[in-house]
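**Student:** Based on what follows, work out the 3D shape:
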Amino acid sequence: MANEEKRNHQRHGNPSNRPNFVFILADDLGYADLHCYGGRAPCSPNLDKLASQGLRFTNGYANSSVCSPSRMAIATGRYQHRIRGGFDEPIASASPALGLPPEHPTMASLLRDAGYATALVGKWHLGSLPWYGPLKSGYQEFFGHRTGAVDFFSHQGLHGHDLWEGDQEVVKEGYLTDLLTDRAVEFVRRQSAKQPFLLSLHYNAPHWPWETREDREESKRIGRRLAHLDGGSVRTYLEMIRLMDEGIGRVLAALDEIGARDDTLVVFTSDNGGERFSDGYPLMGKKMDLLEGGIRVPYIVRWPAKGLPAGTTDDRLAIGMDWTPTFLAAAGVSPHPAYPLDGIDLFGERVERNLYWRMVHRNQKAVRSGVWKYLSIDGAEFLFDLSRDERERANLRYREPEKFEELRRAYFEWDASMPPRPEDAAVALEYTPATMARSDG
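**Tutor:** Model (predicted):
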């Protein structure tokens with residue numbers, strides 16, 4: 001940004017008193033991978049610093065334990081089951097039935113219509129062209145990939161080359177985490193105080209394939225076998241996180257450069273729990289599970305102008321669909337009356353509520369209510385007191401039968417209020433017990 005524009009930002013701040021938003025989403029990052037969430041390796045210095053400058057939620061959740069449904073809820077502020085595409089776990093094929101409908105209001109479209117500049121940099125995974133896309137759902141700019149996974153060097157996705165500038169396929173050289181960071185920094189530097197902005201920065205890291213900047217040859221070896229079942233390690237995984245963290249540091253520095261730090265609400269989270277090499281301790285479960293390790297995710301929030309106390313934690317229940325109502329409230333924008341929100345403003349009055357999950361995979365069901373959690377997996381039912389048993393190993397179903405029935409009844413009442421599961425709702429698993437050793441301990 002030119003020095004004159006930079007000085008203008010610093011002198012005037014945001015003249016409308018509407019904050020900017022930077023929403024950073026990691027892909028398959030576990031709850032305890034970051035050092036500030038108890039991670040055993042110092043792989044996240046910039047995110048740790050961000051947490052020390054703002055607020056860290058300890059009961060933050062994803063709406064699903066897999067990508068597309070979780071992203072659907074974040075985008076709309078509603079339970080993903082209200083949209084047909086929100087049932088598939090995840091969206092794995094191109095179909096006019098599977099995606100985020102362009103007519104459905106989104107965080108991006110509502111802010112765009114209120115005068116915000118909007119950009120998505122990174123992963124979309126909410127439906128394929130010609131029916132769906134970021135530019136059809138409120139983003140004025142898009143650079144990234146459309147499907148669920150892409151190689152970090154060749155940018156080959158599950159169905160061919162998958163790197164896009166708007167609706168045009170593009171070929172670029174470089175490690176994808178760096179390309180996404182470069183574009184995000186460039187977008188921030190183009191902004192001025194004349195117009196507030198929303199930047200959605202959706203990294204594909206640390207999702208497979210397991211590749212760092214030094215793994216170009218490994219990229220060539222695996223080719224189109226992106227699930228990378230014969231590669232990866234904890235060391236590689238942590239380095240992928242570190243490279244993402246490095247990029248986030250550059251984006252935060254760009255906000256400082258243009259004088260937009262105080263007026264920008266920054267959020268960092270993950271779309272679901274971690275995968276093979278992730279660290280979720282003390283939580284049990286991974287991606288595709290409704291155990292805590294599959295749905296509890298890091299939430300780091302910084303907004304200096306709001307006066308959030310630095311270096312603090314918040315134990316309220318929060319979930320991905322809360323970010324749309326939170327951003328809209330901060331911007332003074334009303335939701336669309338025909339599409340009432342299920343999420344809440346996290347900076348509004350504190351409310352007691354239940355959170356609900358349901359999945360096609362293993363017929364999973366869950367409710368979180370205060371410290372209590374009801375869980376059903378393949379018909380087996382459990383009750384846990386998470387204040388004493390975060391690992392979900394002590395089933396209190398028979399010791400607390402009244403609480404068990406209360407939560408079970410609440411689940412089925414909520415389930416009846418949602419659209420029914422389509423018969424053709426699909427689950428796509430990249431590995432099975434035959435290809436990945438598993439533990440039943």
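
**Student:** Could you work out the end-to-end span of stretch 92-99 for me?
**Tutor:** The first and final residues of stretch 92-99 sit 10 Å from each other (C-alpha to C-alpha, to the nearest Å).

**Student:** quick check: mean pLDDT across it?
**Tutor:** Stretch 92-99 carries an average pLDDT of 96.

**Student:** got the contact list for it?
**Tutor:** Contact partners of stretch 92-99, identified using C-beta atoms under 8 Å, 6 or more residues apart in numbering, comprise 84-85, 88, 91, 126-128, 131-132, 148, 158-159, 426, 428. C-beta: built from backbone N, CA, C; applies to glycine.

**Student:** Repeat that for stretch 407-427.
**Tutor:** With contact meaning C-beta under 8 Å, 6+ apart, stretch 407-427 is reached by 79, 81-82, 84, 87-89, 92-93, 354, 356, 358, 360-361, 365-367, 369, 372-374, 376, 381, 383.

**Student:** Going through these, which ones are buried?
**Tutor:** 79, 81-82, 84, 87-89, 92, 354, 356, 358, 360-361, 365-367, 369, 372-374, 376, 383 (16 or more other C-beta atoms under 10 Å).

**Student:** Find the nearest non-adjacent residue to the residue nearest in space to the middle of the chain, please.
**Tutor:** When the chain is reduced to its mean C-alpha position, the closest residue under C-alpha atoms, centre = their mean turns out to be residue 271, at 2.9 Å. Leaving aside its chain neighbours, residue 271 sits nearest to residue 70 (4.5 Å; criterion: C-beta to C-beta, 6 or more residues apart in numbering).

**Student:** quick one, helices of the chain?
**Tutor:** Secondary structure of the chain by DSSP state H: the helices cover 3-12, 45-53, 67-76, 107-113, 176-190, 216-222, 234-257, 292-295, 323-331, 401-417.

**Student:** Kindly reformat those helices as a markdown table and extend each row with distance to residue 433, mean pLDDT and mean neighbour count.
**Tutor:** Converted to a markdown table, the helices of the chain look like this (distance: least, C-beta to C-beta, whole Å; pLDDT from 0 to 100; neighbours: other C-beta atoms under 10 Å):
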| stretch | distance to residue 433 | mean pLDDT | mean neighbour count |
| --- | --- | --- | --- |
| helix 3-12 | 55 | 43 | 14 |
| helix 45-53 | 34 | 98 | 20 |
| helix 67-76 | 22 | 98 | 28 |
| helix 107-113 | 38 | 98 | 21 |
| helix 176-190 | 31 | 98 | 20 |
| helix 216-222 | 22 | 98 | 15 |
| helix 234-257 | 21 | 98 | 20 |
| helix 292-295 | 17 | 98 | 28 |
| helix 323-331 | 35 | 98 | 22 |
| helix 401-417 | 28 | 98 | 14 |
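
**Student:** just to revisit the earlier point, so the residue nearest to residue 271 sits against residue 323, correct?
**Tutor:** No. Under the contact definition of C-beta atoms under 8 Å, residue 70 does not touch residue 323, with a separation of 11.5 Å.

**Student:** now the helices of the chain in TSV, with distance to residue 437?
**Tutor:** Compiled in TSV, these are given as follows (distance: least, C-beta to C-beta, whole Å):
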stretch	distance to residue 437
helix 3-12	53
helix 45-53	31
helix 67-76	24
helix 107-113	40
helix 176-190	29
helix 216-222	20
helix 234-257	15
helix 292-295	17
helix 323-331	36
helix 401-417	32
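
**Student:** Please identify which of those is closest to residue 210.
**Tutor:** When the helices of the chain are compared for distance to residue 210 using C-beta to C-beta, the nearest one is helix 234-257, at 4.7 Å.

**Student:** looking at it, residue 345 is touching residue 325, isn't it?
**Tutor:** Yes. When contacts are counted by C-beta under 8 Å, residue 345 is listed as touching residue 325 (5.0 Å).

**Student:** Next step: the buried ones among the contacts of stretch 407-427 restricted to strands.
**Tutor:** Using DSSP state E, 354, 356, 358, 365-367, 369, 372-374, 376, 383 are the members of the buried ones among the contacts of stretch 407-427 that sit in strands.

**Student:** In CSV: those, plus pLDDT.
**Tutor:** Compiled in CSV, those are given as follows (pLDDT from 0 to 100):
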residue, pLDDT
354, 98
356, 99
358, 98
365, 98
366, 99
367, 98
369, 98
372, 98
373, 98
374, 99
376, 98
383, 99
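
**Student:** Pick out whichever of these sits closest to residue 168.
**Tutor:** Minimum separation from residue 168 among these (C-beta to C-beta) is found for residue 358, which lies at 37.7 Å.

**Student:** Show the contacting residues for the closest one.
**Tutor:** Counting by C-beta under 8 Å, 6+ apart, the residues that residue 358 touches are 81, 364-366, 415, 418, 421.

**Student:** Count the residues that sit near residue 334.
**Tutor:** Counted with other C-beta atoms under 10 Å, residues neighbouring residue 334 total 10.

**Student:** Tell me the spacing between it and residue 264.
**Tutor:** Computed with C-beta to C-beta, to the nearest Å, the distance linking residue 334 and residue 264 is 22 Å.

**Student:** Kindly report the same for residue 291.
**Tutor:** In this structure, residue 291 and residue 264 are separated by 35 Å, where distance is defined by C-beta to C-beta.

**Student:** Can I get stretch 302-311 in CSV? Just the C-alpha atoms.
**Tutor:** What follows is stretch 302-311, C-alpha atoms only, in CSV (Å, rounded to 0.1, in the frame of the first residue of the first chain):
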residue,chain,number,x,y,z
ARG,A,302,-8.3,-10.7,18.7
TRP,A,303,-10.1,-7.4,18.4
PRO,A,304,-8.3,-4.5,20.1
ALA,A,305,-11.0,-2.0,19.4
LYS,A,306,-13.5,-4.2,21.3
GLY,A,307,-11.3,-4.2,24.3
LEU,A,308,-11.1,-7.9,24.7
PRO,A,309,-8.8,-8.7,27.6
ALA,A,310,-5.5,-9.9,26.4
GLY,A,311,-4.3,-13.4,27.2
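
**Student:** Cool, thanks, talk later.
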